[in-house]
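Trainee: Need the 3D shape of this:
(one chain, ligands or ions: 1)
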Amino acid sequence: MRYAFLADIHSNLAAFTAVLNDIKQRGGVEEMWCLGDVVGYGPEPHECIELLREQHGVCVVGNHDLAAIGKLDTSYFNPDAAAAAHWTGKQLQPEDVEYLTGLPQVIEKRDFTLVHGSPREPVWEYVLSTSIAKDNFAYFKTPYCLVGHSHIPLVFKSNMAGECSVDRLLPGIGLSVGKDRMIINPGGVGQPRDGDPRASYAIYETEGGIIRIYRVEYDIDTTQAKMMKYHLPVHLVARLSHGT
Ligand code: ZN
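Mentor: Numbers count the residues shown, from 1 in each chain. The predicted structure follows:
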C-alpha cells in the first residue's frame, strides 16, 4: 500500500495540482493523508477544498482552517495572516464551511497519529525542537505521528532510552520506519519555509516501510499574480519565491 502525506496546502492551487500530478506520475497512492491548513494565505481556498474533497483520504483541521470559519480568534495571528484569514472567510462557499467544520483535530491511521500542530496541542503547537518533541511523544499511542504547521520537512526520533534526535528530511533519501518512534513533518505544499520554494510532500510505502520526501516545482508566478489581484499582503506573495 502507498499513502501520500500532504500538509499546509494554504489555498495554493498551482502547488496542490503540481503535487497531485507528481503523485500520479509516481504510480498513485491508495489514500491521501492531509495534515491541515488547507486554506489561509493563498488565493484559491474554495478550489483547493473542492479538489481535496475529490481525493480519497482523510484530513485533520489546522489553525488557518479554523480561523477562516470563525472558530479561532485571529488576534493571535500576525497582521498578514489575520488579513488573509479574513479574506479567506469571505471566499468560502457554504459547503466549504461545512467541510472545514467537520474536520477532526486528531485522526489515527494504521501506525500513525495525524495532527496539524502537535499531539499535545493539535491546533497550535509547533514541533521544531527536540525538547518540545520529547514531551510530545507521551501524547500519542501509535508508533509514529505526522504533523504539519511549521512547513519544514523534519523527523524527530525517540529511541528505546527515550533520547530524542532530529533530522532534516531531504528529497531522495528514504526514511525507514523501524524501532524508533517518530514525529514526521512532510513539509508544506503551498508555502514551503525551509529555503526551498518547491512544494513538499511525502509518499509512504508500507512494503519495505519507507517514507520519501518529494519536492515539486510549480508555477509560483500564477499563484503570486492571483494574490496580487486579490490584494493579499505583499509579504505573503514575496515569500513564495524564496520558500521562507
Ligand atoms: Zn500552515
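
Trainee: Next, see if the helix or strand where residue 4 lies gets close to the ion.
Mentor: Using DSSP states H and E, residue 4 maps to strand 2-6. No: Strand 2-6 stays clear of the ion (CB under 5 Å from the ion), getting no nearer than 11.8 Å. To be clear about C-beta, it is placed using only N, CA and C from the backbone, and glycine gets the same treatment.

Trainee: Which other helices and strands does that strand contact?
Mentor: helix 13-25, strand 31-34, strand 199-205 (3 or more CB pairs under 8 Å, 6 or more residues apart in numbering; DSSP states H and E).

Trainee: quick one: strands adjacent to it?
Mentor: strand 31-34 (parallel), strand 199-205 (antiparallel) (DSSP bridges).

Trainee: you'd agree residue 165 is up against residue 154?
Mentor: No: when contacts are counted by CB atoms under 8 Å, residue 165 is not listed as touching residue 154 (10.8 Å).

Trainee: Between these two, which is the more surrounded one?
Mentor: residue 154 (19 against 13; other CB atoms under 10 Å).

Trainee: before we move on, the earlier item: hey, which of the strands paired with strand 2-6 is tucked in deepest?
Mentor: strand 199-205 (a mean of 25; mean count of other CB atoms under 10 Å).

Trainee: That one versus helix 13-25: what angle between them?
Mentor: Per axes from the mean of the first three to the mean of the last three CA atoms, to 10 degrees, the angle that strand 199-205 makes with helix 13-25 is 30 degrees.

Trainee: Name the nearest residue to residue 103, ignoring sequence neighbours.
Mentor: Leaving out its chain neighbours, the residue that sits closest to residue 103 by CB to CB, 6 or more residues apart in numbering is residue 61, at 3.8 Å.

Trainee: Tell me the confidence at residue 239?
Mentor: As predicted, residue 239 sits at a pLDDT of 96.

Trainee: Number the chain from 556, please
Mentor: Understood, numbering begins at 556; the last thing we discussed is residue 794.

Trainee: Near the ion, which residues of this structure are found?
Mentor: 563, 592.

Trainee: residue farthest from the centroid of the chain?
Mentor: residue 716 (29.8 Å; CA atoms, centre = their mean).

Trainee: gap between it and the ion?
Mentor: 33 Å (CB to the ion, to the nearest Å).

Trainee: Residue 633 too?
Mentor: Distance from residue 633 to the ion, counting by CB to the ion: 12 Å.

Trainee: how many other residues sit next to that residue?
Mentor: Neighbour count of residue 633, defined by other CB under 10 Å: 11.

Trainee: and the residue farthest from the centre of the chain, what does it touch?
Mentor: Applying CB atoms under 8 Å, 6 or more residues apart in numbering to residue 716 gives no contacts.

Trainee: mind putting the strands paired with strand 557-561 in JSON lines, mean pLDDT included?
Mentor: Shown next, in JSON lines, are the strands paired with strand 557-561 (pLDDT from 0 to 100):
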{"stretch": "strand 586-589", "mean pLDDT": "98"}
{"stretch": "strand 754-760", "mean pLDDT": "98"}
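
Trainee: correct me, but residue 584 touches residue 574?
Mentor: No: using CB under 8 Å, residue 584 is not in contact with residue 574; the gap is 11.2 Å.

Trainee: one step back: list the buried residues in the strand holding residue 559.
Mentor: Going by neighbour count (16 or more other CB atoms under 10 Å), the buried part of strand 557-561 is 558, 559, 560, 561.
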